[in-house]
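Undergrad: make a model of this:
(chains A, B, C and D)
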Number of protein chains: 2
Amino acid sequence: MHRPAAGRTLCYDIAMPPEPGQLRSLQREPSDHVYELRRGIARGVTISHEGERQVTAFFFPGDQIGLPVSECYRFTAEAVTDLHYVRQTRQQWNEALIRSCRDDGRLLPAIGAEQDPVFQRGLIIGRSSIAARVCAFLLSVYPRLPQAGDGTRRLDLPQTDIASYLATSPESVCRQFRKLRDNGLVAMPRRDLIEILDRGGMQALAVCGRALTN
Amino acid sequence: MHRPAAGRTLCYDIAMPPEPGQLRSLQREPSDHVYELRRGIARGVTISHEGERQVTAFFFPGDQIGLPVSECYRFTAEAVTDLHYVRQTRQQWNEALIRSCRDDGRLLPAIGAEQDPVFQRGLIIGRSSIAARVCAFLLSVYPRLPQAGDGTRRLDLPQTDIASYLATSPESVCRQFRKLRDNGLVAMPRRDLIEILDRGGMQALAVCGRALTN
DNA sequence: CGGCCCATTGACAGGCATCAAGTCCGGTGG
DNA sequence: CCACCGGACTTGATGCCTGTCAATGGGCCG
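TA: Now for the predicted structure:
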């Protein structure tokens, strides 16, 4: 993960937009900036050529958004919660890339890092059953969720976004959450707090995805 | 698309393995070579952490495989048909990248190009109905299929691979093909020959995905 | 000619999308 | 402080889609 050196004036530590909603339309526009998320959660939204809207990725603190991998952004970044992020111009980013390429003989790890969430989504929604998708999704985001003191972590995502990400309906997401709770695999004292109690059971479900008893 | 200059000795024009099957296990191994496909079709296969096998991409002539985007390959490349490809070491590829970065001020377009198919799959299997997925898939690969003289093009992919790519069953793929034929949207004189007759209808199906009359 | 793999077709049951109604929650304004 | 309101979540009922199983057909190769 590339981090701008402290004290460099190239980087701005700004917090905008403070409120959830549209961050900036990035899709199909030339990318001239790179953003590194510091606090909050953002969603990557893609409008397919036919006009369908899909949430294709979630971004957490530490993720970089808007890398110039394909001349154009592939998605629109939207704020799910309040965001704090660092912006740097693509020119600066390019120089860092060349340095890394020459010194280490390797690409910036960040190049793959932004693509990974999108790649991961493909694997997750490739599962046949909704139960498997929900479990695989929870397992994948769980390490990135901020701790809430006790064992629980904050899952600050609307179910509508989760549903779009998993290519299913909000109702199905809700029902799966309920089944996971009823079967003691997770604890959700509040809607935005979650704790995985039985990781092994979750992983098993993520594979076979057979329905839980209900 | 990056193409090695003709006559450069860095590049080998070899044809191996000549027969379909395992090309080379690339997943989770450091990538030291880049391959450019010249003839044939390859499939990208990913084994998830839980052990599930999924076809996550198809590669056609002109595509590059094995770019060092994330230190490790994300999938295993397998030959679907006989393959001819060009190999170049990652060192050489890196130099080309630095040159491109410095001269044009942009990344090699190829970096995004390899990721695009994977990205596209996410959008395709994000659709709810199988009809929409099949139509979106056909529309996406159609321009890359070699022409067969008359209007038809060669679709040299086993339905089992298509099914895995679309996260569905081979039977459903077969049934969807049949419906498309019966409704006059496509013509398939043979199993490996296809012609899209009604592009507009296909696009409409790719969006709403409502079932065809049957 | 026989065996094998893939494609095809049918029957069936289960999962899930959809619709609809009810509940919970935060925000807003009186 | 409280009533109101809108949005998101929850839960139930229903029907279609599609995954699964099974059997058949067809092409390719030995």
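Undergrad: quick one: A:His33 and A:Tyr85 touch, right?
TA: No. When contacts are counted by Cβ atoms under 8 Å, A:His33 is not listed as touching A:Tyr85 (10.3 Å). No exception for glycine: its C-beta is placed from N, CA and C like everyone else's.
Undergrad: which one's more surrounded, the two?
TA: A:Tyr85 (24 against 16; other Cβ atoms under 10 Å in any protein chain shown).
Undergrad: the more buried one sits in which helix or strand?
TA: Counting by DSSP states H and E, the element that carries A:Tyr85 is strand A:84-89.
Undergrad: show me the shaky parts of chain A.
TA: Counting by pLDDT under 70, the ranges of chain A that qualify are A:1-32, A:50, A:67-74, A:90, A:100-114, A:208-214.
Undergrad: could you pull out the strands for it?
TA: For chain A, the strands defined by DSSP state E occupy A:12-14, A:21-24, A:33-39, A:42-47, A:53-59, A:64-65, A:76-79, A:84-89, A:147-148, A:150-154, A:186-187, A:193-196.
Undergrad: can you put those strands in a markdown table and add distance to B:Arg191?
TA: Listed next are the strands of chain A as a markdown table, based on distance: least, Cβ to Cβ, whole Å:
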| stretch | distance to B:Arg191 |
| --- | --- |
| strand A:12-14 | 57 |
| strand A:21-24 | 47 |
| strand A:33-39 | 47 |
| strand A:42-47 | 33 |
| strand A:53-59 | 31 |
| strand A:64-65 | 43 |
| strand A:76-79 | 40 |
| strand A:84-89 | 51 |
| strand A:147-148 | 55 |
| strand A:150-154 | 50 |
| strand A:186-187 | 46 |
| strand A:193-196 | 46 |
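Undergrad: so which of those is nearest DNA strand C?
TA: strand A:193-196 (12.0 Å; Cβ to the nearest atom of the strand).
Undergrad: helices or strands up against the closest one?
TA: helix A:130-141, strand A:150-154, strand A:186-187 (3 or more Cβ pairs under 8 Å, 6 or more residues apart in numbering or on different chains; DSSP states H and E).
Undergrad: report the spatially closest residue to the residue nearest to the spatial centre of chain A, excluding sequence-adjacent ones.
TA: Geometric centre of chain A, nearest residue: A:Phe58, 1.9 Å, by Cα atoms, centre = their mean. Leaving out its chain neighbours, the residue that sits closest to A:Phe58 by Cβ to Cβ, 6 or more residues apart in numbering or on different chains is A:Arg43, at 5.6 Å.
Undergrad: quick one: contacts for that neighbour?
TA: A:55, A:57-59, A:77-78, A:80, A:161, A:165 (Cβ atoms under 8 Å, 6 or more residues apart in numbering or on different chains).
Undergrad: repeat the analysis, applying 6 Å as the threshold.
TA: A:55, A:58, A:78, A:80, A:161 (Cβ atoms under 6 Å, 6 or more residues apart in numbering or on different chains).
Undergrad: out of the residues you listed, flag the one nearest to A:Glu171.
TA: Proximity of the contacts of A:Arg43 to A:Glu171 (Cβ to Cβ) peaks at A:Asp161, which lies at 14.4 Å.
Undergrad: count of residues packed around the closest residue to the closest one other than its chain neighbours?
TA: Spatial nearest neighbour of A:Asp161, excluding adjacent residues (Cβ to Cβ, 6+ apart): A:Val55 at 5.3 Å. A:Val55: 23 surrounding residues under other Cβ under 10 Å.
Undergrad: A:Ser164 is in contact with A:Val55, correct?
TA: Yes. A:Val55 lies in contact with A:Ser164 (Cβ atoms under 6 Å); the separation is 4.0 Å.
Undergrad: near DNA strand D, which residues of chain A are found?
TA: Proximity of chain A to DNA strand D (Cβ under 7 Å from any atom of the strand) is limited to residues A:128, A:158-160, A:170-171, A:174-175, A:177-178, A:191.
Undergrad: change it to 10 Å
TA: For chain A, the contact set with DNA strand D under Cβ under 10 Å from any atom of the strand comprises A:20, A:128-129, A:155-163, A:169-179, A:181-182, A:188, A:190-192, A:208-210, A:214.
Undergrad: ok so, going back, joint contacts of A:His33 and A:Tyr85?
TA: In contact with both A:His33 and A:Tyr85: no residue, using Cβ under 6 Å, 6+ apart.
Undergrad: pull up the residues of chain A that are close to DNA strand C.
TA: A:125, A:127-134, A:163, A:166-176, A:179, A:190-192, A:209-214.
Undergrad: and with 6 Å instead?
TA: A:129-131, A:168-169, A:171-172, A:211 (Cβ under 6 Å from any atom of the strand).
Undergrad: okay, those residues in CSV with distance to B:Ser48 and neighbour count next?
TA: CSV is the format used below for the residues of chain A next to DNA strand C (distance: Cβ to Cβ, whole Å; neighbours: other Cβ atoms under 10 Å in any protein chain shown):
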residue, distance to B:Ser48, neighbour count
A:Ser129, 14, 15
A:Ile130, 17, 21
A:Ala131, 15, 21
A:Thr168, 18, 18
A:Ser169, 24, 15
A:Glu171, 26, 10
A:Ser172, 21, 16
A:Ala211, 20, 12
